[in-house]
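[1] Pasting a predicted model and its sequence here:
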Amino acid sequence: MNKISADQILKIFADVYPGPLAYVDQTLVNRLVNDTYMDWIGKPKEEVVGLHVKDVVGEEYFEARLPFIKRVLNGEELKFRTTIYHHKLGVRDVEQIYRPDFDEDGSVRGFFVMVTDIHDQVAALNKIQESERLFRNYVEMIPHIAFITDCMGVVTYFNERWYEFTGITKDQGRIWEPNDIIHPEELEETHQRWIHSLETGTPLEMEYRLKRKDGEYRWHLCRSVAIKDSNDKIIKWVGTDTEIHDQKELEANQQSLIKILESSSDIIGLANNEGKVLYLNQAARLAFEVDEDYKGRNIEDFIHHEDLNFYHQNILPALIEKRKLEGDLRFKKYKTQKHMRVNFSGFVTTSEKTGEITGLATISRDLSEIRHKEKKLEEALISRDQFLSMASHELKTPLTSLKLQAEITLRQLNANKVIPTERQYIVAQQTNQLVGRLTRLIDDMLDVSRIKTGKLKIDKSIHEIGDIVREAVFRMYALFEAGGLLIPSISVEEKIYGSWDRFRLEQVMGNLLTNAIRYGRGKPIEIKIVKEVDKVLISVKDYGYGIASEDLKRIFDRFERAIHYSEVSGMGLGLFISKEIIEAHGGKIWVESELEVGSTFYVSIPL
């Protein structure tokens, strides 16, 4: 097998080397060049091989390379970037290697020149650097904070807005300390979402507060996206922090305003300068019978057809001229087309910059509702006056009797008259009855107050209903005797137990029996107790005046009576209080009656 010589190996290496390659001896004569070398300089081999380097490349190029040649001939390997002229492509960026070739004794007998064309890479790098330069120029001009991080999320760049906002200086070392900059309430969420973006490559978008150099936290919108290479690998992240603090405060103020508008009982609406409805509050939506589909409808859709001409010819021109107007108008309900008369206050909205009209706002009140409230107020005032009249009458009667008895007793004592024991007993008994009557009146008024404020207390425990009724009857013996009445009969077939407030049920029975005495015209009173599965039914029957059918429900209202207070005493509170007590027990109370025949009151309560 033939042995390959060193020259042959060198020739093979030169041919397979992808770039220009030459071998120069210590006398600077080209001894070997590859075909690529020839293509670059555009000369045949006979004009290169065997010739001095200066004769091949020219004196100027030779002189520029001579320092490198001397160094390599001294045994130093060199690698550097430069430019070489390609006879077809022109000046090219290249990387050159000068590698010394040593003899067996260690002396340099020549050197290799190897050239790598890096022109495209340099061009690409220059393009990237130019792009980076343009990007940085751009981010320095924008009014927002801009930043760049590496693939791990470590910040490598902030624009000047960052330093202006935070007060941090570039020579402080670490320019990004999240714990010191991000508001504590958003710090954990920011960290978690940033980690998620780094792990998944998904863009980050969130709102957080950053601390300004004066210590105030300001809301910002952060947006960050990943930059990837040709292999879809993340190489960096770029992002911005846009201050939205004023916008957030405006939104918060708008939300607060909307809450106020939504809670208002007034009909409030907003429209643009084209007459398209933009907003109706809840009261308006209910009044006009619309849902969210009202937006974009014309104002005219909500005005009664008979008032449209008046709106166009009078109201609208006056609004445009005066910018504010009050008056009456008929609106219509969108679904039923029914009209409602309102009193409205309208004003136009204008642009702060141009003063041009941008829209219309109205605040209206349903006059029918106002009149209804006025009527209710008037009725309340009448009811109050009646109550005061009744109260003064009811309180004055026993007080007058007490005063008269006191005066008579004082005259007798001043005259040193001996008051017989029997007379003293009668006076004491009358005084006790009058004080009891005053006490009941005051208790009734207190109960009405408790009911109105929701403080009527019910204390339940197990009781037998017959005992409660009998106790109520016993407490009223004096009233029955004073009215010349027999003690009412009580019909009950068995003992019936239940969980009730004994005091309050005795109070109910007392009120029903008091009414039977007042309105029963001295006729017998009957009481009946019946068990009905899980309830007990109590009835109190009299044979008195009776109640007109139209008054059967009304008499359970406060200060209501079937007979005028001038005819029969009483403040009209007993049945109202009784109804509240029975309903608090989960039961009900009602009356059946016929004029001049009598009345039967029924109480049904759970056991």
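    Now that the structure is in, tell me what you want to look at.

[2] What mean pLDDT does stretch 130-146 get?
    Along stretch 130-146, the predicted confidence averages to a pLDDT of 79.

[3] repeat for stretch 426-433
    When the per-residue pLDDT values of stretch 426-433 are averaged, the result is 72.

[4] Buried ones in it, by neighbour count?
    When burial is assessed from 16 or more other C-beta atoms under 10 Å, stretch 426-433 yields the following buried residues: residue 431. The way it works is simple: take the backbone N, C-alpha and C, and place the C-beta from them, glycine included.

[5] and what of stretch 576-590?
    Going by neighbour count (16+ other C-beta under 10 Å), the buried part of stretch 576-590 is 576-582, 584-585, 587, 589.

[6] now stretch 105-117
    Buried residues in stretch 105-117, defined by neighbour count with 16+ other C-beta under 10 Å: 108, 110-117.

[7] quick one on the thing from earlier: I'd like to know which of the buried residues of stretch 576-590 are part of helices.
    Secondary-structure check on the buried residues of stretch 576-590 using DSSP state H: residues within helices are 576-582, 584.

[8] Any chance of the residues you listed in CSV with distance to residue 549 and pLDDT as columns?
    Shown next, in CSV, are those (distance: C-beta to C-beta, whole Å; pLDDT from 0 to 100):
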residue, distance to residue 549, pLDDT
576, 20, 82
577, 23, 82
578, 20, 88
579, 18, 89
580, 24, 86
581, 25, 88
582, 22, 91
584, 27, 87
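
[9] Tabulate those residues in TSV, adding columns for distance to residue 367.
    Written out in TSV, the entries for these read as follows (distance: C-beta to C-beta, whole Å):
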residue	distance to residue 367
576	32
577	37
578	39
579	34
580	35
581	40
582	40
584	39
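
[10] Closest one to residue 377 out of those, please.
    Sorting those by how near they are to residue 377, with C-beta to C-beta, puts residue 576 at the top with 20.2 Å.

[11] Report whether the expected contact of that closest one with residue 554 is present.
    No. Using C-beta atoms under 8 Å, residue 576 and residue 554 do not qualify as a contacting pair, with a distance of 10.6 Å.

[12] Which residue lies nearest the spatial centre of the protein?
    For the chain, the residue nearest the mean C-alpha position is residue 255 (7.9 Å; C-alpha atoms, centre = their mean).

[13] pLDDT on stretch 180-196, on average?
    Within the predicted structure, the mean pLDDT of stretch 180-196 is 93.

[14] Need the residues that contact it.
    Here stretch 180-196 makes contact (C-beta atoms under 8 Å, 6 or more residues apart in numbering) with 153, 166, 178-179, 202, 204, 206-211, 217, 222.

[15] Please list the members of these that lie in strands.
    Using DSSP state E to define strands, the subset of the contacts of stretch 180-196 located there is 204, 206-211, 217, 222.

[16] Buried subset of those residues, written for ChimeraX?
    In ChimeraX syntax, the buried subset of those is picked out as below (16+ other C-beta under 10 Å):
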select :204,208,209,210,211,217,222
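
[17] Could you dump the ones in strands among the contacts of stretch 180-196 into CSV with pLDDT added?
    Compiled in CSV, the ones in strands among the contacts of stretch 180-196 are given as follows (pLDDT from 0 to 100):
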residue, pLDDT
204, 94
206, 93
207, 94
208, 94
209, 94
210, 94
211, 93
217, 94
222, 94
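
[18] Against residue 428, how distant is the nearest residue to residue 429 once chain neighbours are set aside?
    Counting by C-beta to C-beta, 6 or more residues apart in numbering, residue 429 lies nearest to residue 478, which is 7.9 Å off, once chain neighbours are set aside. Taking C-beta to C-beta, to the nearest Å as the measure, residue 478 and residue 428 are separated by 13 Å.

[19] Give the single residue among the buried residues of stretch 105-117 positioned nearest to residue 337.
    residue 117 (85.9 Å).

[20] Wait, the closest one touches residue 36, no?
    No. Counting by C-beta under 8 Å, residue 117 stays clear of residue 36, with 9.4 Å between them.

[21] can I assume residue 101 is in contact with residue 109?
    Yes. Counting by C-beta under 8 Å, residue 101 touches residue 109, with 5.7 Å between them.

[22] and the helix or strand harbouring residue 191 with strand 204-211, angle?
    Assignment of secondary structure by DSSP states H and E places residue 191 within helix 184-200. Here helix 184-200 runs at an angle of 150 degrees relative to strand 204-211 (axes from the mean of the first three to the mean of the last three C-alpha atoms, to 10 degrees).

[23] Could you list the buried residues of helix 184-200?
    For helix 184-200, the buried set under the neighbour-count rule, 16+ other C-beta under 10 Å, comprises 186, 190, 193-194, 197-198.

[24] ok so, going back, just put the ones in strands among the contacts of stretch 180-196 in a markdown table and tack on distance to residue 516.
    Conversion of those to a markdown table gives the following (distance: C-beta to C-beta, whole Å):
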| residue | distance to residue 516 |
| --- | --- |
| 204 | 82 |
| 206 | 76 |
| 207 | 73 |
| 208 | 76 |
| 209 | 74 |
| 210 | 80 |
| 211 | 80 |
| 217 | 75 |
| 222 | 80 |
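
[25] which parts of the helix or strand hosting residue 136 are buried?
    Remark: residue 136 resides in helix 119-141, with elements defined by DSSP H and E. Judged by neighbour count (16+ other C-beta under 10 Å), helix 119-141 contains these buried residues: 119, 122, 139.

[26] by contact count, what packs against the next helix or strand after that helix?
    Toward the C-terminus, helix 119-141 is succeeded by strand 145-150 as the next helix or strand (DSSP H and E). Helices and strands in packing contact with strand 145-150 are listed as strand 155-158, helix 160-166, strand 217-228, strand 234-243; criterion 3 or more C-beta pairs under 8 Å, 6 or more residues apart in numbering; DSSP states H and E.
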